[in-house]
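Participant: sequence and predicted model, in that order:
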Amino acid sequence: MPRTADPSPGPAVLHGNEAPSSWVRRWTHLIATGGTVLDVACGHGRHLRWLAAQGHSVTGVDRSPEAIAAVAPLGRAVLADIENGPWPFAGETFDAVVVTHYLWRPLLAQIVASVAPGGVLLYETFASGHETVGRPARPDFLLQPGELLQACSGLRVVAFEDGFCSTPERFVQRIAAVRETKAAGGLPARHRLDIPE
């Protein structure tokens, strides 16, 4: 069964109306100025709103007509069932691909392939162990140890976390990974770990 909504317990909040992920906010500076961003399973647009406000050109995809209607004013909004239909961005790449609270393993390679040269993947979702504190509890929706690192093996990992967060309680894996290009003059690329002020 597909997941595009935050299944954590508590008051019902439409996926996309809550605050943007601290992980996405933390690594937004890795996205090229004015870059193109794809938010996979975007919900009602919490990350699209944040990224559009940072000056990025945003695209959101979701299977919910209500979600797509909500994000349409922000940029490109694509209604598609990406688990049962074709990938709607064949041949396209983006300066950033954002995925949160969503896991559909058959699409992992396609998601990584959608990161343009010089682009970044920001991914955060539930991990093994989460079944002890809430939903989702099925292994289909929980990353196994090292799984996200393995999926990103063609990218340069800038940051990776795999562990427990207490507010709210959840087990997560999250990654910020870039598709490196050759830097001018043979200098190494500088993927800043400190947040620019």
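Facilitator: Cool, the structure landed. Numbers count the residues shown, from 1 in each chain.
Participant: rest of the way, CA atoms for contacts and neighbours
Facilitator: Will do.
Participant: give me the mean pLDDT for stretch 189-197.
Facilitator: The average pLDDT for stretch 189-197 rounds to 73.
Participant: off-centre distance for it?
Facilitator: 19 Å (CA atoms, centre = their mean, to the nearest Å).
Participant: now swap in stretch 154-166 and tell me
Facilitator: Put simply, stretch 154-166 sits 12 Å off its chain's centre (CA atoms, centre = their mean).
Participant: okay, that stretch in PDB with CA atoms only?
Facilitator: In PDB, the C-alpha atoms belonging to stretch 154-166 read as follows (Å, rounded to 0.1, in the frame of the first residue of the first chain):
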ATOM      1  CA  GLY A 154      26.400   7.000  -7.500                       C
ATOM      2  CA  LEU A 155      26.200  10.300  -5.600                       C
ATOM      3  CA  ARG A 156      28.600  12.000  -3.100                       C
ATOM      4  CA  VAL A 157      27.100  11.800   0.400                       C
ATOM      5  CA  VAL A 158      27.500  15.100   2.100                       C
ATOM      6  CA  ALA A 159      25.400  14.100   5.200                       C
ATOM      7  CA  PHE A 160      23.700  11.000   6.400                       C
ATOM      8  CA  GLU A 161      21.800  10.100   9.600                       C
ATOM      9  CA  ASP A 162      20.200   6.900  10.700                       C
ATOM     10  CA  GLY A 163      18.600   6.900  14.100                       C
ATOM     11  CA  PHE A 164      16.000   7.900  16.600                       C
ATOM     12  CA  CYS A 165      14.400  11.400  17.000                       C
ATOM     13  CA  SER A 166      12.400  12.100  20.100                       C
END
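Participant: excluding chain neighbours, give the residue nearest to residue 49 in space.
Facilitator: residue 74 (6.8 Å; CA to CA, 6 or more residues apart in numbering).
Participant: pretty sure that neighbour contacts residue 47?
Facilitator: No: if you go by CA atoms under 8 Å, residue 74 and residue 47 don't touch, sitting 10.6 Å apart.
Participant: among those two, which residue is more densely surrounded?
Facilitator: Taking other CA atoms under 10 Å, residue 74 and residue 47 do not tie; residue 47 has more neighbours (27 against 17).
Participant: neighbours of residue 146, just the number please.
Facilitator: For residue 146, the neighbour count with other CA under 10 Å is 13.
Participant: with the one 10 residues further on instead?
Facilitator: When counting by other CA under 10 Å, one arrives at 16 neighbours for residue 156.
Participant: is it in a bridge, and if so with what?
Facilitator: With DSSP bridges as the criterion, residue 156 is bridged to residue 178.
Participant: who's in contact with residue 140?
Facilitator: Residue 140 makes no contacts at all, as judged by CA atoms under 8 Å, 6 or more residues apart in numbering.
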